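1. output the structure for:
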Amino acid sequence: MSDHDEPSPTTTSVLISNRQSAVLDEVALADLARLTLAGEGLEDVELSVSFVDDAEIEDLHVRYMDEPGPTDVLSFPLDDVDEDGTRLLGDVVIAPSVAARNNPADPGAELRLLLVHGILHLLGYDHEDDAEKAEMWARQERYSGVTGA
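-> Numbering: from 1, shown residues only. The predicted structure is shown next:
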């Protein structure tokens, strides 16, 4: 497990917990998370991102969504403020192995897409209807550089 809490022009913190075996560019993913948050006009925020194996994401998927099987990304909004005034957004949990199965030709692109997708969910974006989906997909494409399905 490693944590990245590197200084940036704002006081945005992205805490990475890698609890699975695939090799990831944690620094680049944390930078993408910061870029996404900045693009959404957020400063003084903290975000937690966990990369987990199939078993852990399946457990979370069943426990919190009441749906069987592993999924690719889950978002757990917290939206609280700590004693220093930092807004705690919540947690994004991603299964890189599921991402690789979703896009075997470019699992890195899929991870970027899922990270931005999860962050946007924390910020209240959804894709329940066509208009919401179009807005969310445009934003995730803008930040991740990846066209969503």
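
2. mind checking how far P68 is from E58?
-> From P68 over to E58 the distance is 8 Å, taken as Cβ to Cβ, to the nearest Å. For glycine as for every other residue, the C-beta is placed from the backbone atoms N, C-alpha and C.

3. neighbour-wise, which of these two wins?
-> E58 (18 against 9; other Cβ atoms under 10 Å).

4. so that one is in which element?
-> Secondary structure assignment for E58, by DSSP states H and E: helix 54-65.

5. which strands or helices does the following helix or strand past that helix pack on?
-> Sequence-wise, the next helix or strand downstream of helix 54-65 (DSSP H and E) is strand 73-81. Packing contacts for strand 73-81, counted by 3 or more Cβ pairs under 8 Å, 6 or more residues apart in numbering; DSSP states H and E, involve helix 54-65, strand 87-94, helix 107-122.

6. hmm, try it at 6 Å
-> Packing partners of strand 73-81 (3 or more Cβ pairs under 6 Å, 6 or more residues apart in numbering; DSSP states H and E): strand 87-94, helix 107-122.

7. sheet partners, orientation included, of that strand?
-> Partners of strand 73-81 in the sheet, by DSSP bridges, are strand 87-94 (antiparallel).

8. how big is the angle separating the partner strand from helix 54-65?
-> Strand 87-94 runs at 130 degrees relative to helix 54-65, counting by axes from the mean of the first three to the mean of the last three Cα atoms, to 10 degrees.

9. what does the following helix or strand past strand 87-94 rub up against?
-> Next helix or strand after strand 87-94 toward the C-terminus (DSSP H and E): helix 96-102. Residues outside helix 96-102 that contact it (Cβ atoms under 6 Å, 6 or more residues apart in numbering): 20, 22, 51, 54, 70, 72, 107, 110-111, 114.

10. do you know the pLDDT at A149?
-> Looking at A149, its pLDDT is 57.

11. contacts only, for the most centrally placed residue in the chain.
-> Centroid check for the chain by Cα atoms, centre = their mean gives L115 as the closest residue, at 3.1 Å. Listed by Cβ under 6 Å, 6+ apart, the contact partners of L115 are 29, 32.

12. tell me the contacts of L122?
-> 75, 77, 89-90.

13. please work out which of the helices and strands packed on strand 73-81 is packed deepest.
-> Comparing the helices and strands packed on strand 73-81 by mean neighbour count (mean count of other Cβ atoms under 10 Å), helix 107-122 comes out on top with a mean of 23.

14. right, I'll leave it there.
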